[in-house]
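# Show me how the following folds:
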Amino acid sequence: MSRLNNRAFEILRAEIRNCSGNDPISQAERQIVLKRLETLRQQKGSPASLEELRETVIDLLPQFNEKELKKAAKANQKPGIFSKLIWVTMFLGGSAGALWVVNLPYPMIRWPVAKTAPILLLPSYMSMDHNYRQAIAQVEQADQLVNKATASADFELGAEKVKQAQKHLDALPVWFLGYWPQYTFWFGWNFTVDEFKSARATIGRMEAQLFQEKNAQNLLDKVQPSLNAAKEQYQQAQTAADRQKAIASWQTAIDQMDQIPQETLAGETAQTNLKAYKRDFEKVAGSTLIAAAQEFAMQAEKAGQNPSLSQSEAQQVENLWEEAINRLKQVSLQDAGYLEAQKLLATYQTNLAKVQTKLQAPSNANSDKLIAAGQKFAFAAATLGQKPPHPAEKWQQIESLWEKAIDRLEKIQLEDPGYGKAQELLATYQTNLGTVQTRLKMEQDSVEALKGAQEQIQNLTASSPSDRSQIISQIQVIINQLQTVKSGTTAYSEAQNLLQSAQKKLASAQK
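Numbers count the residues shown, from 1 in each chain. All right, here's what the predicted structure looks like:
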């Protein structure tokens, strides 16, 4: 080993040039010092120390920089253990980086390496082998847990296995098979694109199945408390109305549970429980419906005891009988009280028919009252409509009176003796109503036209245009607007005055 290495020699030579002059003496001193250093370079042995280097140059070059001497001495020392470790680390890191680069999943990198030095791709092959075996194992475990589940916990564990299998499948470089199909027979296992697609399809199918199972379980978890709450509500009910409300909630919960897909585990559980739930429901529903129907019937009988019922009171009795009948119709054939319900249904329907007969046969006195009431409204409408024109508000009032008169006559039924007279009056009243509606429309349109013309006159007066043709055009628009005001309206008189004035203005402007 040379006593002075090249790096230290270059440091010293550079400083010699800096600190020596260009005169002949300085050049001679520089040559002597360089020869001394060259001698040290040629000598073999331990590296020259700082003192030796100082003695070599300081006698001829006392101004030599001490800092450069120390730098050269440090560079001339043997590398320590720490420096060796750094170099080893850098080498290993570089090797690992290069190995990582050649194992990147890019065909343009892997293909040349696979042909020349396939051993460098060993980490990739090991990773592929690991991911393949794990993917197959996780798929099999997930399939066992999902398709043969006995509890919801199996689906949770199966979902976790599906995620793990999916992760390993994603790590498999399927594209590599197209560049090197021989790889499929390495390591004692066969990995093909078809097998990969099959595993991927299995994972997708199980993910969809898990999603359906989760939704079904959520629905079951939601319906189960609702059904139990409805049963408890029925047990605590004090009145028929409360029991009926609880039964409705109970039926809704049963219907929702029946909608859970039967091919799911939650659906199988629901169908098993539904048999017991429906049996309990049928036991209480029939008796409750009969009891509710009897309460409605009792109210109807009590209200119908009055022989002189008014029209509205008779309709209330009819509604009560209909409510009782509707309750009895809900009793199913399998219910124990079905025969009792049918007997009551026959009685209630007979009673309902009697009430409806009374409602459909109005008395002569009632029809005479309706005709008299219609004539009174017609007389009031005719009186109020005398001496037109009238403002729109008054025409609306007249219109309302004719409508009330017509409404009274339309209530008289065909079988009533006064039906013919009512129809004669109805034809007259409807004609009068049409006339009033026409006059109302004329009044509203005329007032609106007059108002529009007045606004245009104000705009013309305020703008005072200097263009003669523009003035003539605006006056003509005002005239056309005023001519739309109909005679027989409250706006007609004023519109005629404004029309005459506008026509004079137009004639003056055209001269």
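# Where in the protein is the helix or strand with the lowest mean pLDDT?
Using mean pLDDT, DSSP states H and E, the weakest-scoring helix or strand in the chain turns out to be helix 176-179, at a mean of 54.
# next structured bit after it?
For helix 176-179, the succeeding helix or strand toward the C-terminus, using DSSP states H and E, is helix 193-236.
# Which neighbouring elements make contact with that next one?
Contacts defined by 3 or more CB pairs under 8 Å, 6 or more residues apart in numbering; DSSP states H and E place helix 193-236 against helix 122-147, helix 152-170, helix 240-258, helix 265-303. All C-beta atoms are positioned from the backbone trio N, CA, C, and that covers glycine.
# buried sites along the last one?
Read that as helix 265-303. By 16 or more other CB atoms under 10 Å, the buried positions in helix 265-303 come out as 265-267, 269-270, 274, 277-278, 281, 284-290, 292-297, 299-300, 303.
# Heading C-terminal from that helix, find the next helix or strand.
From helix 265-303 onward toward the C-terminus, using DSSP H and E, the following helix or strand is helix 311-329.
# ok so, going back, can you list the helices and strands packed on helix 193-236 in TSV and add mean pLDDT and distance to residue 510?
Below are these laid out as TSV (pLDDT from 0 to 100; distance: least, CB to CB, whole Å):
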stretch	mean pLDDT	distance to residue 510
helix 122-147	73	96
helix 152-170	78	91
helix 240-258	79	82
helix 265-303	76	82
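# Turn the ones you listed into JSON lines, including distance to residue 458.
Putting these into JSON lines (distance: least, CB to CB, whole Å) gives the following:
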{"stretch": "helix 122-147", "distance to residue 458": "83"}
{"stretch": "helix 152-170", "distance to residue 458": "79"}
{"stretch": "helix 240-258", "distance to residue 458": "66"}
{"stretch": "helix 265-303", "distance to residue 458": "67"}
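# Looking at those helices, spot the one closest to residue 489.
Residue 489 lies closest to helix 265-303 among the helices and strands packed on helix 193-236, at 54.4 Å (CB to CB).
# what angle sits between the closest one and helix 240-258?
When axes from the mean of the first three to the mean of the last three CA atoms, to 10 degrees is applied, the directions of helix 265-303 and helix 240-258 differ by 160 degrees.
# Now do the same for residue 77: helix, strand or coil?
coil (DSSP: H, G, I helix; E, B strand; the rest coil).
# swap in residue 260?
Three-state call for residue 260 (three-state DSSP): coil.
# Could you do the one 3 residues further on as well?
The local conformation at residue 263, judged by three-state DSSP, is coil.
# can you count the residues close to it?
Counted with other CB atoms under 10 Å, the neighbours of residue 263 add up to 11.
# try residue 166
Neighbourhood size, residue 166 [other CB under 10 Å]: 20.
# If you drop the residues flanking it in sequence, what lies closest to it?
Of all residues beyond its chain neighbours, the one nearest residue 166 is residue 203 (5.5 Å), with distances taken as CB to CB, 6 or more residues apart in numbering.
# Run a quick check on the one you found versus residue 165, I expect a contact.
Yes - using CB atoms under 8 Å, residue 203 is in contact with residue 165, at 5.8 Å.
# list residues touching both of the two?
Counting by CB atoms under 8 Å, 6 or more residues apart in numbering, the shared contacts of residue 203 and residue 165 are 139, 142.
# So these two - more neighbours on which side?
More crowded of residue 203 and residue 165, by other CB under 10 Å: residue 165, with 25 against 21.
# Now the more buried one. Nearest residue, chain neighbours left out?
The shortest distance from residue 165 to any non-neighbouring residue, by CB to CB, 6+ apart, is to residue 138 (3.5 Å).
# List the residues that contact that neighbour.
Residue 138 makes contact with 161, 162, 164, 165, 168 under the criterion CB under 8 Å, 6+ apart.
# where's it relative to residue 197, distance?
17 Å (CB to CB, to the nearest Å).
# distance between stretch 376-393 and the chain's centre?
Distance of stretch 376-393 from the chain centroid (CA atoms, centre = their mean, to the nearest Å) equals 59 Å.
# That should have said stretch 408-418, apologies.
56 Å.
# Can you give me the separation between residue 41 and residue 29?
Using CB to CB, we find residue 41 at a distance of 19 Å from residue 29.
# Please say which of the two ends up with more neighbours.
Higher neighbour count among residue 41 and residue 29: residue 29, with 18 against 15, using other CB under 10 Å.
# How many residues are close by residue 469?
Number of residues near residue 469 (other CB under 10 Å) recorded here: 9.
# whoops, I mixed them up, residue 487
Using other CB under 10 Å, residue 487 has 11 other residues around it.
# again with the one 3 residues further on
The number of residues packed around residue 490, counting by other CB under 10 Å, is 18.
# Surely it forms part of a helix?
No - secondary structure of residue 490 (three-state DSSP): coil, not part of a helix.
# Need the phi and psi values for it.
Reported as degrees, to the nearest 10, the phi and psi values for residue 490 are phi -70, psi -20.
# How about it, nearest residue that isn't a chain neighbour?
With sequence-adjacent residues excluded and distances taken as CB to CB, 6+ apart, residue 490 is closest to residue 389, at 4.9 Å.
# Now do the contacts for the one you found.
Shown in contact with residue 389 (CB under 8 Å, 6+ apart): 443, 488, 489, 490, 492.
# Distance of the third one relative to residue 352?
With distances taken as CB to CB, residue 489 is found 56 Å from residue 352.
# So between those two, which is more surrounded?
Per other CB under 10 Å, whichever of residue 489 and residue 352 has more neighbours is residue 489, with 24 against 19.
# Now the more buried one: closest residue in space, sequence neighbours ignored.
Distances taken as CB to CB, 6+ apart put residue 446 closest to residue 489, at 4.0 Å, once the chain neighbours are dropped.
# now do residue 498
Spatial nearest neighbour of residue 498, chain neighbours left out: residue 482 (5.6 Å); criterion: CB to CB, 6+ apart.
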